[in-house]
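In: Predicted model, plus sequence, below.
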Amino acid sequence: MPGGRLTQQERRRIALGLAEGLAYAEIARHLDRPTSTVTREVTRNGGPATYRADLAHHATGRRARRRRKAGPPGPLARGGDAEAVREYEEMFATVFVQSGLPRMTARVLACLTIADTGSLTAAELAQRLQVSPASVSKAITVLEGLSHVRRERDERRRERYVVDNDVLYQSMMSSARTTAHLVEIARQGVGVLGPDSGAAARLENIARFLDFVSRSIARAADEARQYLHPAPGATGAARAGSGPGA
């Protein structure tokens with residue numbers, strides 16, 4: 001089985017396989033590569049719908065140059081190979097980009113998520129990502145607006161940006177509130193357009209669907225928080241009784 005980085009020709013064969021609708025495992029067999037290699041390659045370069053071989057090849061070169069220039073890993077996850085950690089961080093950021101986050105915002109969130117402490121200062125983020133503090137500040141503003149991070153002060157009075165279990169919960173609840181607002185807007189449209197119109201019927205269906213989704217998100221977030229991260233002093237029986245399928 002060949003090792004090392006993918007060649008440009010291999011990337012073109014990946015693009016051809018995607019165009020033909022082949023699964024990652026099948027493409028990997030044709031290349032005599034692990035399926036994980038193909039999956040990682042496609043994910044970090046835009047996903048199956050937008051993967052372009054030549055762009056992916058150039059992007060890989062840019063990432064390699066950036067890693068050579070990057071500072072020390074900093075307070076990130078220990079125990080793993082530094083190169084593998086950086087590659088995973090980039091892949092993680094790409095998934096966030098595919099979910100709708102701007103690239104820099106996605107890189108900041110990925111960097112925070114894989115930090116051992118779950119928190120970093122602006123200086124640590126700027127050093128790790130090799131970007132300006134202003135770029136970090138803009139990304140943090142976006143993430144705070146989405147309830148993906150929070151700020152706190154450490155013992156040295158430095159401002160730190162945090163990703164933890166409570167932030168995840170608040171982010172899910174923020175998503176539920178946004179969806180609930182869409183329900184309100186859709187139902188306002190029913191009154192504006194008239195209940196007997198086709199558009200009103202469509203909006204009512206949208207409102208019912210989103211209302212169910214919003215309530216489900218909020219309920220699932222509450223249940224997961226209680227089950228996975230019970231409050232101090234909660235009994236084992238209480239935790240077991242609130243778990244999935246209880």
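Out: Received the coordinates, thanks. Since we're looking at a predicted model, the values are computed, not measured. Residues are numbered from 1 along each chain as shown.

In: pLDDT score for residue 67?
Out: Note on residue 67: pLDDT of 59.

In: contacting residues around the residue nearest to residue 45 when sequence neighbours are not counted?
Out: Of all residues beyond its chain neighbours, the one nearest residue 45 is residue 56 (4.0 Å), with distances taken as CB to CB, 6 or more residues apart in numbering. Just so you know, the C-beta spots here come from the backbone N, C-alpha and C atoms, and that holds for glycine as well. Residue 56 makes contacts with 11, 41, 45, 46, as judged by CB atoms under 8 Å, 6 or more residues apart in numbering.

In: so the third one makes contact with residue 57?
Out: Meaning residue 45. No: counting by CB atoms under 8 Å, residue 57 is not a contact partner of residue 45; they are 9.1 Å apart.

In: So those two - more neighbours on which side?
Out: Taking neighbours as other CB atoms under 10 Å, residue 45 and residue 57 compare with residue 45 leading, 23 against 18.

In: what separates that one from residue 139, distance-wise?
Out: As judged by CB to CB, to the nearest Å, residue 45 and residue 139 stand 21 Å apart.

In: Where does pLDDT dip in this structure?
Out: Residues of the chain that meet the criterion pLDDT under 70 lie in 1-3, 63-81, 231-246.

In: can you do 80?
Out: In the predicted model, the chain carries pLDDT under 80 at residues 1-4, 46, 59-84, 86-87, 98-99, 165, 229-246.

In: can you pull out the strands in it?
Out: Taking DSSP state E, the strands of the chain run over residues 119-121, 150-153, 159-162.
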